[in-house]
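> model this:
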Amino acid sequence: MLYRQKPLKFGDRPVVLRTGQTGNRASQLMTKPGVQRVTKGLWAMHPEPLTAVERSLLLQQHLGAPGSTLAVTGFNALDLLKIPVGYTDPWVHQSLKMPLPRVMRDILGERETAHLRWSGARTQTVAEGIKFSKSMGLSSFEGPWGSRVTHPVEALVVVAPRLSHWRIIACLDAMMSWQFTIPGTGVTAELPRTVIEECLSHLPPHALAVNAVRRGLREAQESCFSAMETLTRMIALHEGLPPPHLNYPVEVNGRTFYLDLAWPELKVAVEYNGRVHAEEVDDYRDEMYRFALIRDSGWDLTLLVKGDLEELDRRWKWVERVRRATSSSVIVL
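Predicted structure coming up:
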């Protein structure tokens, strides 16, 4: 089963003009409503400030030298597909006994930088807020506004030195578990394990970033629909719990529900509830009713929130509860 990821929304491609084409000075354009700075000397007619992804999409088509082909890459490409790259709280490294990322840089700042890859003739610019890297040779795909976007596996390798091990696994979980709709095109794409392995086989075999992604793939799993599900699974395994089934289907009263982490032989399960569960009142009420039905059908269901992962005492309590349940010698059929 694949989770259908909702794509980012993009309106019509904004008109992009050089300063001289606008009939105004740069100082005037900086304060003019509906005009957004793309980079030095380049302006977009757009009502709202541009995101880093939008800047990259526009720059890809307005920069470059003859004989050079550009594509959006790195964090921009992964954010475009809503693959869960991001910051890792220090407590996660401590809990999982993981080393820190190889390159310690501000991920938020990196995500706000327009990142483009070049192939053919090298592209250079002194404009601020733009980063270039050389293509690794994987294919690109059509993106919004007529852009080109680097293959997600290559984009992940590009940012891998800045990601913790669990974040790499979370990104790979998402790649294997989601059906992507490419924003602005309506085209759908899937990235099963075999495709990811094939892509990695074409990249430099001894590169540290490639090996980091390859190590992550060994621990990645299908049917994992959020980064926090990945983290919950990794904590459970780190604490010595048996490997769980992910998003395990359970039919109760004619309805099919999916349990985040399940040990079906013993009817034991763990559900992680993020912020969205609390913010959407109707969904929250339906979820509580769903949990009641599942428990009434004989499942030992533990509900977790972020504090149950982060705080040591709370984590110990639910881990021990699941450990006792999964260590039972009584099998419920």
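> can you give me the helices for the stretch 201-333 of the chain?
For the stretch 201-333 of the chain, the helices defined by DSSP state H, counting those that start in this stretch occupy 208-219, 227-238, 275-279, 281-296, 306-310, 312-326.
> Kindly export stretch 241-252 (C-alpha atoms) in CSV.
The C-alpha trace of stretch 241-252 is given here as CSV (Å, rounded to 0.1, in the frame of the first residue of the first chain):
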residue,chain,number,x,y,z
LEU,A,241,11.6,-4.6,21.0
PRO,A,242,10.8,-7.1,18.3
PRO,A,243,10.6,-5.7,14.7
PRO,A,244,7.0,-4.4,14.2
HIS,A,245,4.7,-4.5,11.2
LEU,A,246,4.1,-1.0,9.8
ASN,A,247,0.7,0.4,9.2
TYR,A,248,-0.8,-3.1,9.8
PRO,A,249,-4.4,-3.4,8.5
VAL,A,250,-7.1,-4.3,11.0
GLU,A,251,-10.7,-4.8,10.2
VAL,A,252,-13.2,-3.9,12.9
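> which other residues reach that stretch?
With C-beta atoms under 8 Å, 6 or more residues apart in numbering as the test, stretch 241-252 has contacts from 1, 221-225, 229, 233, 236-237, 256-264, 269-270, 293-294, 296-297, 299, 319, 322-323, 326. Just so you know, the C-beta spots here come from the backbone N, C-alpha and C atoms, and that holds for glycine as well.
> wait, isn't residue 155 in contact with residue 56?
No - shown here, residue 155 and residue 56 do not form a contact pair, counting by C-beta atoms under 8 Å, at 11.3 Å.
> low-scoring stretches of this protein, by residue?
Low-confidence segments of the chain (pLDDT under 70): 64-68, 104, 125-126, 275-284, 328-333.
> If we use 80, what do you get?
1, 64-68, 102-106, 121, 123-128, 275-286, 328-333 (pLDDT under 80).
> Quick one: list the elements packing against whichever strand or helix holds residue 92.
Here residue 92 is covered by helix 90-96, with elements defined by DSSP states H and E. On a contact count with 3 or more C-beta pairs under 8 Å, 6 or more residues apart in numbering; DSSP states H and E, helix 90-96 meets helix 165-177, helix 227-238.
> and those helices as JSON lines, adding mean neighbour count and distance to residue 132?
JSON lines is the format used below for these (neighbours: other C-beta atoms under 10 Å; distance: least, C-beta to C-beta, whole Å):
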{"stretch": "helix 165-177", "mean neighbour count": "25", "distance to residue 132": "22"}
{"stretch": "helix 227-238", "mean neighbour count": "21", "distance to residue 132": "28"}
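> need these in a markdown table with distance to residue 74, can you?
Formatted as a markdown table, the helices and strands packed on helix 90-96 follow (distance: least, C-beta to C-beta, whole Å):
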| stretch | distance to residue 74 |
| --- | --- |
| helix 165-177 | 12 |
| helix 227-238 | 18 |
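> Which one of the ones you listed lies nearest to residue 78?
helix 165-177 (6.9 Å; C-beta to C-beta).
> Using CSV, write down the CA coordinates of the closest one.
The C-alpha coordinates for helix 165-177 follow below in CSV (Å, rounded to 0.1, in the frame of the first residue of the first chain):
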residue,chain,number,x,y,z
HIS,A,165,21.2,8.8,10.2
TRP,A,166,17.6,8.6,11.2
ARG,A,167,16.6,11.4,8.9
ILE,A,168,18.2,9.7,6.0
ILE,A,169,16.1,6.6,6.9
ALA,A,170,13.0,8.7,7.2
CYS,A,171,13.5,10.1,3.7
LEU,A,172,14.0,6.7,2.3
ASP,A,173,11.0,5.4,4.1
ALA,A,174,9.0,8.1,2.5
MET,A,175,10.4,7.5,-0.9
MET,A,176,9.4,3.8,-0.8
SER,A,177,6.0,4.3,0.9
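> start the count at 360, not 1, going forward
Sure, I'll start counting at 360 from here, so that last one is helix 524-536.
> what's in contact with that helix?
Counting by C-beta under 8 Å, 6+ apart, 361-362, 364, 437, 442-445, 447, 451, 455, 457-458, 511-512, 515, 519, 522, 550-552, 555, 571-572, 574-576, 578-584, 586, 588-590, 593 sit against helix 524-536.
> Nearest to residue 501, out of the helices and strands packed on helix 449-455?
Smallest distance to residue 501 across the helices and strands packed on helix 449-455 (C-beta to C-beta): 18.5 Å, for helix 524-536.
> ranges for the strands of the stretch 410-559 of the chain?
Under the criterion DSSP state E, counting those that start in this stretch, strands of the stretch 410-559 of the chain are mapped to 427-431, 473-479, 489-493, 499-501, 507-509, 537-540, 547-549.
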